[in-house]
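J.: Have a look; sequence and predicted model below, questions after that.
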Amino acid sequence: MLDDKTTIEYIRNAKTGDETAKTALLEHNVSLVKCIVKRYLGKGVDYDDLFQIACMGFLKAIAGFDERFGVKFSTYAVPMIAGEIKRFMRDDGSVKVSRTMKQTAKEINLFIEEYTRLNDRQPSVSEIAKKFSLDEAETVFVMGSSKMPLSLYSGAEYKDGKERELIETLPASDDQDDWLDKMLLRGAIDELPERERKIIVLRYFRDMTQSEVAERIGVSQVQVSRIESRIIKEFRTKLSG
């Protein structure tokens, strides 16, 4: 991928209508786009269609990116690309946002309203993330999963008297693969039958051994091992397409 300085130069040129700059940006970020597309395969939409939709999201990211955000372009682009895909799949009926994510988005919305009322300013992404025990990038992902009334680009005045957009509070991290996997895993867990969901949560979110899980839910350790292996295999198959 391009270094930050070169990326910014291409973005500036692209915004003036330089198609060569847009093409160069896409070519140098195609692995990132493909990485995101890969996570939505196997859900009823062809790879080529997903790739085209992802490219549309990438171009929107170029148009909307502002150097003042203080984040890497890739960090800004990932939620934009993923959001474009999710909107298409949601509107097309190919996939539904998980119940857990919908509920979290609703709770975030209520928190934002209450926080703004009490503090006379909108909460930052980091403040929302801390409240709901999420990563900042995950928070953006959840907020983008439903039609939130608060825009990430809406302004709010902070204690120093300067107005900032909510997106400006995003950290300049570059761990997109990790949090995309987390959000997909959460959605997959939410769709599991109750016993299977409990096994995965106890094993991977409570750090319990298979024997401890077996004792907790009243089955054999061998059964836990088989169920766990099957679920992991199914999840990996979804990711690989």
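T.: Okay, I see it. In this text, all values refer to a predicted model and were calculated from it rather than measured experimentally.

J.: care to break the chain down by domain?
T.: Domains of the chain are assigned by automatic domain parsing as 4-92, 99-169, 192-240.

J.: Could I get the average pLDDT for the second one?
T.: Translated: domain 99-169. Across domain 99-169, the average pLDDT comes to 68.

J.: Next: the longest one.
T.: This predicted structure assigns domain 4-92 an average pLDDT of 86.

J.: Repeat that for the last one.
T.: In this model, domain 192-240 has a mean pLDDT of 80.

J.: Number the chain from 674, please
T.: Right, with 674 as the first residue, what we last looked at is domain 865-913.

J.: rewinding a little: kindly reformat the domains of the chain as a markdown table containing mean neighbour count.
T.: The way it works is simple: take the backbone N, C-alpha and C, and place the C-beta from them, glycine included. Shown next, in a markdown table, are the domains of the chain (neighbours: other CB atoms under 10 Å):
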| stretch | mean neighbour count |
| --- | --- |
| domain 677-765 | 17 |
| domain 772-842 | 16 |
| domain 865-913 | 14 |
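
J.: Which stretches in the protein count as strands?
T.: Under the criterion DSSP state E, strands of the chain are mapped to 828-830, 836-838.

J.: close enough to count as contact, Glu901 and Val874?
T.: No. The pair Glu901 / Val874 is not scored as a contact, 11.5 Å apart, by CB atoms under 8 Å.

J.: From Glu682, how far out is Thr777?
T.: 38 Å (CB to CB, to the nearest Å).

J.: same thing with Asp676?
T.: 10 Å.

J.: isn't Ile684 right next to Lys745, touching?
T.: No. Using CB under 8 Å, Ile684 makes no contact with Lys745, being 11.7 Å away.

J.: Quick check: the gap between Thr679 and Gly743.
T.: From Thr679 to Gly743 the distance is 18 Å (CB to CB).

J.: do the same with Glu780
T.: Counting by CB to CB - Glu780 and Gly743 are separated by 27 Å.

J.: Could you do Leu698 as well?
T.: 19 Å.

J.: Next: Asn792.
T.: 22 Å.

J.: And Leu714, by the same measure?
T.: For Leu714, the distance to Gly743 - CB to CB - is 33 Å.

J.: Next: Ser898.
T.: Ser898 sits 47 Å away from Gly743, going by CB to CB.

J.: repeat for Lys688
T.: 18 Å.

J.: go on, Met753?
T.: Taken as CB to CB, the span from Met753 to Gly743 is 17 Å.

J.: again with Tyr749
T.: From Tyr749 to Gly743 the distance is 10 Å (CB to CB).

J.: Could you do Leu791 as well?
T.: Leu791 is 27 Å from Gly743, by CB to CB.

J.: Over to Ile681?
T.: Ile681 is 12 Å from Gly743, by CB to CB.

J.: show me where this structure has helices.
T.: 677-688, 692-701, 703-711, 720-737, 746-765, 772-792, 798-805, 809-817, 849-863, 867-877, 883-890, 894-913 (DSSP state H).
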